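> coords below, sequence missing:
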């Protein structure tokens, strides 16, 4: 039976998609790729494969899930299967340096960033960094892992040399220009089948933990963007959003095999916009969607259904 196969490693994140697929009667199967075996002599099942592997999988004790998925995707693609969010998409998902370099090819501005490996290199990078306010982040992250704000070299040195230092799973720490938005928000654009679906305004007054999924609503210990929180929805779908960035984002996604993604940008006080994250394991906030009468997961389910119909015609 031809199905939609969803590749993932987090049971809590797939619940809304499971409901949407069942509601629309889309035949499906979930592949949890925390561990398993891959027989290169076997052919993959027929169907459409949707990759939802996350850069933060290691934070859930699934240390090698992304590496395993990379090989599974190569196997699927070698055998001519339709893969949505393909191996190139996964490559960008787990490497922010490659994300930024690729975004720049499409004329998309990214924050000034320096990559460093090793504690001394991190400190040296910060010492030579032209911006006095900067953040650290993990090159392979997700969920805001390793994102801390510093206003001085001394505070960074204390952090790096202290017991609380968090090293990226790939060993690469980024020193990045801190972009301050006076209204304390960022914008996240959601794309389905490579096309713009909607944009959501995300309140950052409580920090950089910006995952829309309910499972990610935890408090930050570091990095408040402002001193006082404003009472407002953390996630709010923007009606009628339009931006020249949309066409650039769509071109970037198409070129890199990315079908489903959330792309985040921030605008500084001078009106300059910086894109700083591409998340190919996108989740949606149910409260914001309910108010706007939209549903990302239902739209994904509909899209997977359309791809399955095409597969059946080709067969």
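Everything's here; your move. The model shown is predicted, which means the values in this text are computed figures rather than measured ones.
> and residue 234, how many residues sit next to it?
Neighbour count for residue 234, taken as other C-beta atoms under 10 Å: 19. Just so you know, the C-beta spots here come from the backbone N, C-alpha and C atoms, and that holds for glycine as well.
> That one - nearest residue in space that isn't next to it in sequence?
residue 203 (4.7 Å; C-beta to C-beta, 6 or more residues apart in numbering).
> how about the closest residue to residue 248 other than its chain neighbours, what does it touch?
Nearest residue to residue 248, sequence neighbours excluded (C-beta to C-beta, 6+ apart): residue 106, at 4.9 Å. Counting by C-beta atoms under 8 Å, 6 or more residues apart in numbering, residue 106 touches 248, 249, 251, 252, 255.
> From those, list just the buried residues.
Taking 16 or more other C-beta atoms under 10 Å as the criterion, what is buried in the contacts of residue 106 is 248, 249, 252.
> what about the first one, which helix or strand?
Yep, that's residue 248 we're talking about. Counting by DSSP states H and E, the element that carries residue 248 is helix 245-255.
> Quick check: residue 21 touching residue 28?
Yes - between residue 21 and residue 28 there is a contact under C-beta atoms under 8 Å: 4.7 Å.
> For the two, work out which one has more neighbours and name it.
Neighbour totals were compared for residue 21 and residue 28, and residue 21 leads with 25 against 22 (other C-beta under 10 Å).
> For the more buried one, which three-state class applies?
helix (DSSP: H, G, I helix; E, B strand; the rest coil).
> State the distance from it to residue 109.
Distance, residue 21 to residue 109, by C-beta to C-beta, to the nearest Å: 37 Å.
> rewinding a little: what's the average pLDDT for the helix holding residue 248?
Averaged across helix 245-255, the pLDDT comes to 98.
> And the helices in this protein?
In the chain, the helices defined using DSSP state H lie at 11-23, 65-78, 87-93, 96-105, 119-128, 153-160, 245-255, 286-292, 296-314.
> Give me the neighbour count for residue 37.
6.
> Need the phi and psi values for it.
phi -130, psi 150 (degrees, to the nearest 10).
> got JSON lines for the buried ones among the contacts of residue 106, with distance to residue 67 too?
Below are the buried ones among the contacts of residue 106 laid out as JSON lines (distance: C-beta to C-beta, whole Å):
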{"residue": "248", "distance to residue 67": "31"}
{"residue": "249", "distance to residue 67": "28"}
{"residue": "252", "distance to residue 67": "25"}
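> Now for residue 21 and residue 28: what residues contact both?
By C-beta under 8 Å, 6+ apart, residue 21 and residue 28 have these common neighbours: 4, 304.
> Against residue 298, how distant is the closest residue in space to residue 295 that isn't next to it in sequence?
Distances taken as C-beta to C-beta, 6+ apart place residue 289 nearest to residue 295, at 5.6 Å, with adjacent residues excluded. According to C-beta to C-beta, residue 289 stands 9 Å off from residue 298.
> More neighbours: the two, which one.
A side-by-side neighbour count of residue 289 and residue 298, using other C-beta under 10 Å, places residue 289 first with 21 against 18.
> The more buried one contacts residue 296, correct?
Yes - with contacts counted by C-beta under 8 Å, residue 289 reaches residue 296, the gap being 6.7 Å.
> I'd like the distance from residue 288 to residue 200, if you could.
Here the criterion is C-beta to C-beta. By it, residue 288 lies 6 Å from residue 200.
> Those two: which has the busier surroundings?
Taking other C-beta under 10 Å, residue 288 and residue 200 do not tie; residue 200 has more neighbours (27 against 20).
> so what's the more buried one up against?
Residues near residue 200 by C-beta under 8 Å, 6+ apart: 187, 188, 190, 212, 235, 236, 237, 238, 285, 288.
> my guess is the second one meets residue 275, correct?
The one in question is residue 188. No - contact between residue 188 and residue 275 fails when scored by C-beta under 8 Å: they sit 10.7 Å apart.
> Spell out which residues make up each domain of this protein.
Structural domains assigned to the chain are 3-86, 96-108+180-293, 113-177, following automatic domain parsing.
> ok, now which ones touch residue 281?
Contacts of residue 281 (C-beta under 8 Å, 6+ apart): 8, 13, 52, 53, 54, 55, 93, 142.
> Redo those residues as JSON lines? Include distance to residue 266.
Formatted as JSON lines, the contacts of residue 281 follow (distance: C-beta to C-beta, whole Å):
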{"residue": "8", "distance to residue 266": "28"}
{"residue": "13", "distance to residue 266": "24"}
{"residue": "52", "distance to residue 266": "25"}
{"residue": "53", "distance to residue 266": "26"}
{"residue": "54", "distance to residue 266": "22"}
{"residue": "55", "distance to residue 266": "19"}
{"residue": "93", "distance to residue 266": "20"}
{"residue": "142", "distance to residue 266": "18"}
